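J.: starting from these lines, generate the structure:
(chains A and B)
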Amino acid sequence: MPTLTLYDAVGAALTEEMRRNRSVLVFGEGIATKRHDLVEEFGALRVRNTPLAEGIIAGTAVGAAGSGLRPVIDLLFAPFLCYAMDELVNSAGKLRYMSGGQFSFPLVTLAMTGAGWGVGAQHNHNVEAWFVHSPGLKVVMPSNPADAKGLLKAAIRDDNPVLFFIDIGLLHQPGEVGNDELVLPLGKASIVREGGDVTLVSYGKTVHHCQQAAEMLASHGIAAEVIDLRSLKPLDEASILASVRKTGRLVVVHEANRLCGVGAEIAALVAEEAFAALKAPIVRLGGPDAPVAASYPLEQAFVPQPEAIAAAAERLCHRQAA
Amino acid sequence: MAPIHPEIDLCHLLEQMQIIRAYEEAIVTGSAAGKFPGTCTSVGQEAAAVGVVNALSGDDLILTNHRSAGHLLARGADPGRLLAEVMGRSSGYCKGRSGSLHISVKELGVVLTSTIVGAELSLAPGVALAQNMLERAGIVVCFFGDGAACEGSFHESLNLAALWNLPILYVCENNQWQAFVHRREAMSRDHVADWAASYGIQARTVDGNDVTAVLAAAQAAAGQVRESRRPYLLETYTYRTRGHFEPDDQAYIDQAERQSWLNRDPIALCRDRLVADGCLSPGKQTEIADRVAQRIATAMTFAESSPFPAADELTRDVYA
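T.: Sure, this is the predicted structure:
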């Protein structure tokens, strides 16, 4: 199987979907410069650079999506989405409903976020929960190149607006990606490791931290199940609940601030739906309620690390034993 | 001045303006009586809407805003379904989910209505891009106010439309009011048209209370956009004679300024001209007034007798 970075997997998905459907076009901040192969294959009308003006990029995408095109836009870094909130939240997310279903908005917004480049809080801010909390939008954040390709293909084919977050720390990590037309449905989590003692739920780069934690736990005789959500909305509630009903213990891990993060919703879901199955309290591990520093050690300290995840899971297991 | 298209009957424009006035006054009365929510009216701006909309082709697309009654009715929207929407009934154009502020009617080419001031400007380039890429002939007409012209989206939109050669007729209804603030307090220039030149976009300001002047200017502007596939900005200079949102006591306004505009009421101007030209007899005036009153009465009956949406409509149409 060929190996691609997540960046190239995104390019492969764009290429395949643009070949498949002539109404797919891409535009954004430097996308025609960086992905010149797309310009060569599909021409300058379907692959466009834009001004550095996120509001009009997103607004243009919403207008185009509501009028028969399937735009993919690149807004570079997730905090820049603040300039595009009206267009994404008030227009893309609401106008289908508010118009009584007269319009749909097949549109994908790409944005990078997360620790890895030491770019500081105005380029690195995991804002995905904002969009989960906004009706009418879907939110995806892959943890590896193969998923990125399959999820992006599904996002482009979806008739709804999708926020597609790319973890900066994973962007140039290689991974095996099939050549086939694999389309991963949005809203289906991946069980990346099976285990019966504790459930670790995550997305993005902390999925890998959970896998490393699971290795550490295994050496202590604890079998952790690791769930990669892949899509935050729709959320695969069934997979989360099934796992917790099996293990009785849950650790939710993400890089985003813990306060009102996606983990809070998952913890509430499990408390409401699977309380009787719980053998120990739910634990959430996430970033602090602080902007991210540029300094490498502080940036890394923001992110839940494998040791902390393993320690939290182990405490839950011992709590039950004691 | 360019001649008016021969097929357009000025009496018809007068009747459209009267329907818009009667429709909005019915909402004002109804909301004052607590029968349904208030709204943002366009009373005093009827000529600006009717003149532009009548200059368009059936395949042109319109983006409007919260002050949309004139655009919708001039485009042929049924006042009954509009009133039903305002009253939150399921027979409204948006199934009662929009209310008065965000009514879209796709079948009439009135698309993606947003009440966020400036949003229509951010959406218009994408609609026009789709027209170009899908090889559709219609141009895109984007109605906004002087308030929206002070949003960043105005400037971003004009820049992109000029850069990408998008067929957009920007129509700024400069009604002198930005919600509760006079334009003079919020805008560095008197005319929005002045800003278009910085983007290489041709622009013109027209008396927005003179329906024939608006129509002629809009015909020329739309023709130019159609021909050049480039943006153009038409500013209709007018005045919002009622408040920002009903009810509004308008205690903040300069009564002398308001009166000077009331003296140039667009409906009275049009009617007086037709009478002076011998084109509108007293009998015809009565005939039009009766027809307008009847249409609004029928619309009100339809809306009031329409059901409210069922509870299971609450979460329908969130996703495609």
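
J.: residues contacting A:Thr3?
T.: Neighbouring residues of A:Thr3 by CB atoms under 8 Å, 6 or more residues apart in numbering or on different chains: A:Pro174, A:Gly175, A:Glu176, A:Val177. C-beta coordinates here come from the backbone N, C-alpha and C atoms, glycine included.

J.: my guess is A:Ala274 contacts A:Ala242. True?
T.: No: in this structure, A:Ala274 is not within contact of A:Ala242 by CB atoms under 8 Å, at 9.1 Å.

J.: which residues of the chain fall in helices?
T.: Here I'm looking at chain A. Along chain A, the segments classed as helices by DSSP state H run A:6-20, A:31-34, A:36-42, A:54-65, A:85, A:95-98, A:128-132, A:145-157, A:206-218, A:237-247, A:262-273, A:296-302, A:306-321.

J.: not what I meant, chain B
T.: B:10-32, B:46-53, B:69-74, B:79-86, B:119-133, B:146-149, B:152-163, B:183-186, B:193-196, B:211-228, B:255-262, B:266-276, B:282-305.

J.: the residue nearest the centre of chain A and A:Phe77, how far apart?
T.: Closest to where the C-alpha atoms of chain A average out (CA atoms, centre = their mean) is A:Met141, at 1.2 Å. Per CB to CB, to the nearest Å, A:Met141 is found 14 Å from A:Phe77.

J.: now the residue in the stretch 151-300 of chain B that chain A sits nearest to. Nearest residue, chain neighbours left out?
T.: Using CB to the nearest CB, the closest approach of the stretch 151-300 of chain B to chain A is made by B:Glu156 at 3.6 Å. Using CB to CB, 6 or more residues apart in numbering or on different chains and skipping the chain neighbours, the partner closest in space to B:Glu156 is A:Ile56 (3.6 Å).

J.: the one you found touches B:Ser153, doesn't it?
T.: Yes: using CB under 8 Å, A:Ile56 is in contact with B:Ser153, at 6.7 Å.

J.: quick one, which of the two is more surrounded?
T.: A:Ile56 (29 against 25; other CB atoms under 10 Å in any protein chain shown).

J.: circling back: list the contacts of the residue of the stretch 151-300 of chain B closest to chain A.
T.: Per CB under 8 Å, 6+ apart, neighbours of B:Glu156: A:Pro51, A:Ala53, A:Gly55, A:Ile56, A:Gly59, B:Leu121, B:Ser122.

J.: over to B:Ser104?
T.: The contact partners of B:Ser104, by CB under 8 Å, 6+ apart, come to A:Leu95, A:Ser99, A:Gln102, A:Phe103, B:Tyr93, B:Cys94, B:Ser98, B:Val110, B:Val111, B:Leu112, B:Thr113.

J.: do the same with B:Ile288
T.: Taking CB under 8 Å, 6+ apart, one finds B:Cys11, B:Leu14, B:Glu15, B:Gln18 in contact with B:Ile288.

J.: before we move on, what about A:Ala64?
T.: Applying CB under 8 Å, 6+ apart to A:Ala64 gives the contacts A:Leu25, A:Pro71, A:Leu107, B:Gly126, B:Val127, B:Leu129, B:Ala130.

J.: and the stretch 51-200 of chain A, which residues reach chain B?
T.: A:51, A:53, A:55-56, A:58-69, A:71, A:86-87, A:90-91, A:95-106, A:135-136, A:159-160 (CB under 8 Å from any CB of the partner chain).

J.: average pLDDT across stretch A:175-192?
T.: Averaged over stretch A:175-192, pLDDT sits at 93.

J.: end to end on it, go ahead and measure it.
T.: By CA to CA, to the nearest Å, the extent of stretch A:175-192 from end to end equals 15 Å.

J.: which residues touch that stretch?
T.: A:1-6, A:9, A:12, A:16, A:138, A:140, A:144-147, A:149-151, A:153-155, A:157-158, A:162, A:207, A:211, A:225-231, A:233-236, A:239-240, A:243.

J.: any idea which residue sits dead centre in chain B?
T.: Nearest residue to the geometric centre of chain B (CA atoms, centre = their mean): B:His71, 3.6 Å.

J.: so it makes contact with B:Thr64?
T.: Yes: taking contacts as CB under 8 Å, B:His71 lies within contact range of B:Thr64: 4.6 Å.

J.: contacts only, for residue 168.
T.: I'll assume chain A. Counted by CB under 8 Å, 6+ apart, A:Ile168 has contacts A:Met112, A:Thr113, A:Gly114, A:Ala115, A:Gly116, A:Trp117, A:Val119, A:Asn124.

J.: ah, no, chain B please
T.: Shown in contact with B:Ile168 (CB under 8 Å, 6+ apart): B:Ala124, B:Pro125, B:Ala128, B:Ile139, B:Val140, B:Val141, B:Cys142, B:Ala161, B:Val225, B:Pro231, B:Tyr232.

J.: cutoff 6 Å now
T.: If a contact means CB atoms under 6 Å, 6 or more residues apart in numbering or on different chains, then B:Ile168 has B:Ala124, B:Ala128, B:Val140, B:Cys142, B:Ala161, B:Pro231 as its contacts.

J.: okay, and the beta partners of it?
T.: In this entry, B:Ile168 is beta-bridged to B:Val140, by DSSP bridges.

J.: would you mind measuring from it to B:Leu123?
T.: From B:Ile168 over to B:Leu123 (counting by CB to CB), the distance is 11 Å.

J.: same question, A:Val207
T.: Look at A:Val207 and B:Leu123: by CB to CB, they are 36 Å apart.

J.: and these two? Which one has more around it.
T.: Between A:Val207 and B:Leu123, counted using other CB under 10 Å, the more crowded position is B:Leu123 (35 against 28).

J.: per-residue confidence at the residue nearest to that one when sequence neighbours are not counted?
T.: Spatial nearest neighbour of B:Leu123, excluding adjacent residues (CB to CB, 6+ apart): A:Gly63 at 3.8 Å. At A:Gly63, the model reports a pLDDT of 98.

J.: surely A:Gly63 touches B:Ser122?
T.: No: with contact defined as CB atoms under 6 Å, A:Gly63 does not reach B:Ser122; the gap is 7.6 Å.

J.: for the residue lying closest to B:Val43 once chain neighbours are set aside, grab the count of nearby residues.
T.: Nearest non-adjacent residue to B:Val43, counting by CB to CB, 6+ apart: B:Arg242, 4.6 Å away. Residues lying near B:Arg242 (other CB under 10 Å) number 21.

J.: quick one: residues contacting A:Ala242.
T.: Contacts of A:Ala242 (CB under 6 Å, 6+ apart): none.

J.: report pLDDT for it.
T.: Predicted confidence (pLDDT) for A:Ala242: 98.

J.: please apply the same query to B:Leu233.
T.: 98.

J.: can you give me the distance of B:Lys159 to B:Val117?
T.: No, residue B:159 isn't Lys; it's Asn. According to CB to CB, B:Asn159 stands 19 Å off from B:Val117.

J.: contacting residues for whichever residue of the stretch 201-322 of chain A sits closest to chain B?
T.: Nearest residue of the stretch 201-322 of chain A to chain B: A:Pro234, at 9.0 Å (CB to the nearest CB). Contact analysis of A:Pro234 by CB under 6 Å, 6+ apart lists A:Gly187.
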